[in-house]
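heads up, no residue letters with this:
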């Protein structure tokens, strides 16, 4: 028999509370207004005692959630993997921002113009 967590009232409540606590913002990329998932840091399959622990949850967007599981697989996931993924994404994001700013400076744009362009590019990303 197939079990869908969406049929588990306690899980649904847990997922909602995780998203509320995180202000409906992706923990990895800071996006909002997109499809969000409540992710178990120590995975559902092996860490039974933390399944409904809010500290074991993090709100992440659907894209980041897919990328996490693409790298670490499904099941047997750990909080250490989640922290590693988050830190790697933050480093990547900073490097991309540095490259973007450097390329815009080469175009001799003012700081205000760079900030406006960055905001417009980010709006298009969401």
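Yep, that arrived. Computed from a predicted structure; not experimentally measured. Numbers count the residues shown, from 1 in each chain.

Next secondary structure after the helix or strand that contains residue 104?
Residue 104 is part of helix 79-106 when elements are defined by DSSP states H and E. The first helix or strand that comes after helix 79-106 along the chain, using DSSP H and E, is helix 111-125.

what pLDDT, on average, does that following helix get?
Taken as a whole, helix 111-125 has an average pLDDT of 72.

Assign residue 67 to helix, strand or coil.
Under DSSP: H, G, I helix; E, B strand; the rest coil, the three-state class of residue 67 is helix.

Residue 55 now?
helix.

number of nearby residues for it?
By other Cβ atoms under 10 Å, 11 other residues sit near residue 55. To be clear about C-beta, it is placed using only N, CA and C from the backbone, and glycine gets the same treatment.

What distance do you get for it to residue 17?
As defined by Cβ to Cβ, to the nearest Å, residue 55 lies at a distance of 11 Å from residue 17.
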